[in-house]
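**Student:** Below is the sequence, then the predicted model.
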Amino acid sequence: MSSRTPYNAPATPSAHCLSRRNLVTGGAAALASLAGLGLLPASARATEQPLSAGSVDEILATMTRRQKIEQMLMPDFRQWMQNGKVSDLTVLNEEIASVIDSFDLGGVILFANNVKETEQTLRLAMDMQQAALRNTAQAPAGDIPLLLTIDQEGGIVYRLGSGTALPGNMALGATRSEEDALQCGQVIGRELEALKINVNFAPSFDVNNNPNNPVIGLRSYSSDPELVAQLGTAMMSGMQEHGIATAAKHFPGHGDAGTDSHTGLPRIEKTKEELDNLEFIPFRSAIEKGVDMVMTAHIQFPKVETAKVPSADPSMGEIELPATLSPVFMTDILRTEMGFTGVSITDALNMDAISKNFGYIDAVKRTFKAGVDIALMPVTLRSQQDVPKLKELVDALEQDAELTDERLNTSVRRILELKKRRGILAYKDTAGSHEENLANALAQVGSEQNRSIEREVSADAITVVKNDGGILPMKPKTGDHVLLVAAWANEQPGMELSMRRLIAENVIEQGVTYESINYADGFDDMDEAVAAIAGKMEQASHVVVISEIGSAANLDPDKKSGSSAYVPTRVVKAANDAGKSVAVLSISKPYDAAVYPEAPAIAIAYGNKGMDPTEGLSPSAAFGPNVPAGVEVIFGGHAASGKLPVDVFATKRVDGKTVIDTTAIVYPFGFGLEYDKVGDDPTADKSALAALISSVEKDVLPHEKSYTASSFARLASALDQARKVMSDANATQADVDSAHAALQSAIDGLVKLSGSAGTGNGSGKPGNKPSGTLPQTGDAASVLGAAAAVAGAAAVAYGASTIAEE
């Protein structure tokens with residue numbers, strides 16, 4: 001029997017996780033026939049020159065300097081303009097196919113714009129590989145398959161429109177479960193493998209030790225580097241089981257940044273020793289466990305990398321080299337000190353941290369000279385008019401004498417070794433039929449099995465930090481009305497989905513009604529929103545209000561905004577004043593849990609993605625599972641078991657603004673209240689044992705002299721032990737079942753004295769059941785037999801349940 005392994009705790013079995021794991025089916029997807037798709041011209045398919053998956057050195061020896069440079073580039077084709085119209089790229093057109101064919105690119109990154117539906121995504125991925133294999137120029141090594149990459153982290157960062165979103169890394173941190181992390185990795189691995197996407201830029205190994213971090217937050221497992229390492233490597237392993245190359249990001253660590261590198265250049269004032277003792281811990285673990293790639297961070301660490309260069313932005317003056325462009329980080333630390341031998345790749349070079357401080361050609365040159373293997377999104381390609389910029393970049397790199405052939409060979413060898421190890425070089429030779437691949441993709445992507453795991457893990461994560469008076473789980477009765485208060489409209493469908501599930505599964509009685517309302521989308525004036533909610537509250541018995549706060553400034557309960565604590569604070573007060581049961585559900589970063597002191601109950605879900613309002617009881621498109629899971633735990637559809645993966649701090653006012661006070665902890669790391677699922681009585685069932693004791697006392701004890709002294713003594717001893725178990729409030733079900741079995745055995749072992757008129761069988765042999773078949777009420781034999789039958793049925797049911805869980 002397997003078990004989930006909690007962080008820093010003894011291994012304990014988890015039946016729901018075990019049964020869930022049995023749903024997971026392995027098996028790699030059959031590879032598709034490239035020509036079978038038929039989306040590109042037949043002439044293009046006819047010119048394909050399949051590359052043998054032979055020696056990497058042999059392939060490298062046939063490559064030109066230009067081809068090596070192109071292998072180190074990975075653009076995106078998120079959108080494309082044709083006939084004057086820009087649209088999402090979902091079907092490969094000939095213009096892009098020609099770019100992929102002409103430039104021997106190492107790979108392409110896909111975004112949500114590209115991967116909307118299962119069949120469409122599979123076709124796009126396979127047609128891109130077909131374009132790479134064309135080799136129209138008939139060049140040696142001109143048909144190397146692509147790294148097809150994606151950011152399918154789970155939680156607030158997922159791309160597959162028809163896939164399984166999963167609850168995200170901080171939610172996994174709250175579960176403390178390696179098993180949950182492994183299974184989430186397996187879900188992602190199965191879906192990407194089925195879609196022919198071979199690289200996932202995940203997991204994030206960032207340690208979220210700064211509650212003001214604007215970009216990592218829920219993408220991190222925890223503020224504890226050991227927990228990040230434990231869960232990150234487990235998730236990584238799950239993806240690798242399905243042949244997916246993984247990338248640890250964002251090295252050297254993005255968790256303590258106070259600026260989003262998409263919009264600015266972060267700066268972290270930490271020494272090398274401080275990084276060693278925190279940020280580097282998860283990355284070292286990932287490297288030791290065999291991560292395929294490492295993605296860089298566009299962050300300055302001036303106490304480690306001291307080299308300065310002039311910024312392209314005159315207002316910035318000189319700046320320290322960000323880690324992405326730093327030989328100290330990318331070579332000295334990552335390669336020499338940490339011993340990483342896999343592929344390194346930049347974060348997107350079009351992010352403001354790089355693009356506003358360096359020209360695009362300069363940025364790529366510095367990237368490669370720092371020791372990085374692949375430049376991600378080095379130039380923006382949105383139309384045929386942009387392609388010359390890609391050519392200019394390759395020309396400039398080819399002519400740069402400082403970029404030696406030895407340097408290029410080192411990186412390209414790593415890229416080819418990755419492609420060989422993950423079976424990418426053999427892509428053409430191992431292709432199956434389109435029909436097989438499509439059937440497999442439709443069976444795997446967003447499957448019932450994957451959604452079942454998603455639902456369970458999301459619920460495992462829900463962390464209850466306050467439950468005054470034990471009002472959770474809420475248990476509305478027939479005739480009661482539940483008011484669900486969302487922040488935004490796209491959260492209402494998830495809240496309602498949970499209620500439909502709970503009613504369908506008989507957790508909530510059929511006669512309970514519910515309705516939902518939102519305050520951020522539905523009202524311009526927040527006081528009007530509060531009034532409208534209060535009006536609906538008159539008919540409600542139970543209220544659940546969502547708090548979705550992404551920044552410290554919005555933790556201010558008096559800031560009148562749909563993104564602040566203003567409305568939830570007033571909904572809680574109105575519910576308290578009206579005597580309604582009310583709970584706050586935090587669905588963004590968990591730090592808002594500290595700002596609702598008047599709320600009797602607070603639960604944290606760690607994810608704010610919504611869902612399509614047209615979805616039914618079993619959604620087909622990807623959706624955020626955290627909101628439904630939070631509501632289900634609040635109403636007892638799942639046990640509350642999550643533990644905080646970060647500290648939740650108090651707030652204070654500084655210069656008229658609300659800020660997080662990291663010196664005052666309200667709810668500490670590891671805190672989380674627990675309760676059982678509705679219907680799961682934590683008290684052992686003693687009814688069968690009580691009935692058996694009663695029968696013995698009534699129908700056997702009065703006939704003591706009818707049995708041998710030794711057999712009756714055994715019965716008396718078993719009866720005494722059974723009575724002790726009955727009076728023990730802490731007795732487990734195992735204790736009860738053991739006492740029942742011992743007493744029943746003693747009854748079966750009674751030996752009647754010769755000539756006695758007792759209820760024994762008179763055989764003088766122990767172990768024979770008492771004779772007599774009178775079915776009269778009060779007859780000793782019939783009562784004992786009935787008790788035994790009840791106990792036997794219970795044992796059979798208990799055993800069957802145990803077997804099913806195993």
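**Tutor:** On my side now, so go ahead. Numbers count the residues shown, from 1 in each chain.
**Student:** list the contacts for Asn208?
**Tutor:** Residues near Asn208 by C-beta atoms under 8 Å, 6 or more residues apart in numbering: 170, 216-217, 219-223, 255, 646. Where C-beta positions appear, they are placed from N, C-alpha and C, glycine not excepted.
**Student:** Need the nearest residue in space to it, chain neighbours excluded.
**Tutor:** Leaving aside its sequence neighbours, Asn208 sits nearest to Ser220 (C-beta to C-beta, 6 or more residues apart in numbering; 3.5 Å).
**Student:** What is the burial count for that neighbour?
**Tutor:** Residue neighbour count, defined by other C-beta atoms under 10 Å, stands at 29 for Ser220.
**Student:** Double-check it against Gly255; I have them as touching.
**Tutor:** Yes - at 5.5 Å, Ser220 and Gly255 qualify as touching, with contact defined as C-beta atoms under 8 Å.
**Student:** Skipping its backbone neighbours, what lies nearest Ile244 in space?
**Tutor:** Gly189 (4.9 Å).
**Student:** State the mean pLDDT of the helix or strand containing that neighbour.
**Tutor:** Per DSSP states H and E, Gly189 falls inside helix 178-194. Helix 178-194 carries an average pLDDT of 98.
**Student:** hang on, the earlier thing: ok, and the most crowded of the contacts of Asn208?
**Tutor:** Result: Tyr221 is most packed of the contacts of Asn208 (other C-beta under 10 Å), 33 neighbours.
**Student:** before we move on, the earlier item: same for the helix holding Gly189, what does it pack against?
**Tutor:** helix 15-23, helix 169-175, strand 199-200, helix 225-240, helix 434-444, helix 448-461 (3 or more C-beta pairs under 8 Å, 6 or more residues apart in numbering; DSSP states H and E).
**Student:** List the residues that contact the residue nearest in space to the middle of the chain.
**Tutor:** Residue closest to the average C-alpha location in the chain (C-alpha atoms, centre = their mean): Gly168, at 3.8 Å. Neighbour list for Gly168: 153-157, 218-219, 606-607, 626 [criterion: C-beta under 8 Å, 6+ apart].
**Student:** State the number of residues packed around the closest residue to it other than its chain neighbours.
**Tutor:** In space, and not counting its chain neighbours, Gly168 is closest to Gly155: 1.7 Å by C-beta to C-beta, 6+ apart. For Gly155, the count of nearby residues is 26 (other C-beta under 10 Å).
**Student:** Would you check that Gly155 makes contact with Leu218?
**Tutor:** Yes - between Gly155 and Leu218 there is a contact under C-beta under 8 Å: 5.8 Å.
**Student:** Mutual contacts of the two, please.
**Tutor:** 168-171, 606-607.
**Student:** As TSV, the residues you listed with pLDDT and distance to Lys589 would be great.
**Tutor:** TSV is the format used below for these (pLDDT from 0 to 100; distance: C-beta to C-beta, whole Å):
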residue	pLDDT	distance to Lys589
Gly168	98	11
Asn169	98	12
Met170	98	8
Ala171	98	12
Tyr606	98	8
Gly607	96	10
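**Student:** and the two most separated of these?
**Tutor:** Pairwise distances across these (C-beta to C-beta) peak at 10.0 Å, for the pair Asn169 and Gly607.
**Student:** which residues are common contacts for those two?
**Tutor:** 155, 218.
**Student:** neighbour count winner among these two?
**Tutor:** The residue with more neighbours, out of Asn169 and Gly607, is Asn169; 35 against 27, by other C-beta under 10 Å.
**Student:** mind checking how far that one is from Asn210?
**Tutor:** Here Asn169 is placed at a distance of 16 Å from Asn210 (C-beta to C-beta, to the nearest Å).
**Student:** for this structure, longest strand please?
**Tutor:** Secondary structure assigned by DSSP state E gives strand 657-667 as the longest strand of the chain.
**Student:** Just the buried residues of the next helix or strand after that strand, please?
**Tutor:** Once strand 657-667 ends, the next helix or strand along the chain (criterion: DSSP H and E) is helix 687-699. By 16 or more other C-beta atoms under 10 Å, the buried positions in helix 687-699 come out as 688-689, 691-693, 695-696, 699.
**Student:** in terms of contact count, name the helices or strands touching helix 687-699.
**Tutor:** Secondary-structure packing of helix 687-699 (3+ C-beta pairs under 8 Å, 6+ apart): helix 709-727, helix 733-748, helix 780-805.
**Student:** mean confidence for stretch 76-90?
**Tutor:** Stretch 76-90 carries an average pLDDT of 96.
**Student:** where in the protein is pLDDT low?
**Tutor:** Counting by pLDDT under 70, the chain shows low-confidence ranges at 1-54, 258, 260, 263, 614-617, 681-683, 729-730, 755-806.
**Student:** Please parse it into its domains.
**Tutor:** 62-414+423-444, 462-667, 687-805 (automatic domain parsing).
**Student:** re earlier: between the helix holding Gly189 and helix 434-444, how big is the angle?
**Tutor:** Helix 178-194 runs at 150 degrees relative to helix 434-444, counting by axes from the mean of the first three to the mean of the last three C-alpha atoms, to 10 degrees.
**Student:** could you check the angle helix 448-461 makes with helix 178-194?
**Tutor:** Using the same axes, to 10 degrees: helix 178-194 against helix 448-461 is 150 degrees.
**Student:** Tell me who's in contact with Pro145.
**Tutor:** With contact taken as C-beta under 8 Å, 6+ apart, Pro145 is in contact with 51, 129, 132-133, 419, 424-425, 427-428.
**Student:** Now with 7 Å, please.
**Tutor:** When contacts are counted by C-beta atoms under 7 Å, 6 or more residues apart in numbering, Pro145 touches 129, 132-133, 419, 424-425, 427.
**Student:** what's the most distant pair in these?
**Tutor:** Farthest pair in those, by C-beta to C-beta: Leu133 and Lys419, 12.9 Å.
**Student:** Wait, Asn450 touches Ala165, no?
**Tutor:** No - look at Asn450 against Ala165 with C-beta atoms under 7 Å: they stay out of range, at 10.0 Å.
**Student:** neighbour count winner among the two?
**Tutor:** Neighbours per residue (other C-beta under 10 Å) separate Asn450 from Ala165, with Ala165 holding more: 29 against 23.
**Student:** Wait, that one touches Asn626, no?
**Tutor:** No - if you go by C-beta under 7 Å, Ala165 and Asn626 don't touch, sitting 9.1 Å apart.
**Student:** hmm, back to that, will you turn the contacts of Asn208 into JSON lines that also has secondary structure and distance to Met74?
**Tutor:** Output for the contacts of Asn208, formatted as JSON lines (DSSP: H, G, I helix; E, B strand; the rest coil; distance: C-beta to C-beta, whole Å):
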{"residue": "Met170", "secondary structure": "helix", "distance to Met74": "28"}
{"residue": "Ile216", "secondary structure": "coil", "distance to Met74": "23"}
{"residue": "Gly217", "secondary structure": "helix", "distance to Met74": "26"}
{"residue": "Arg219", "secondary structure": "helix", "distance to Met74": "21"}
{"residue": "Ser220", "secondary structure": "coil", "distance to Met74": "25"}
{"residue": "Tyr221", "secondary structure": "coil", "distance to Met74": "26"}
{"residue": "Ser222", "secondary structure": "coil", "distance to Met74": "30"}
{"residue": "Ser223", "secondary structure": "coil", "distance to Met74": "32"}
{"residue": "Gly255", "secondary structure": "coil", "distance to Met74": "25"}
{"residue": "Val646", "secondary structure": "coil", "distance to Met74": "33"}
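**Student:** And the strands in the stretch 301-450 of the chain?
**Tutor:** 308-310, 318-320, 343-345, 375-376 (DSSP state E, counting those that start in this stretch).
**Student:** So which of these is nearest Met239?
**Tutor:** strand 343-345 (15.5 Å).
**Student:** Ala247 sits in which helix or strand?
**Tutor:** Following DSSP H and E, one finds Ala247 within strand 245-251.
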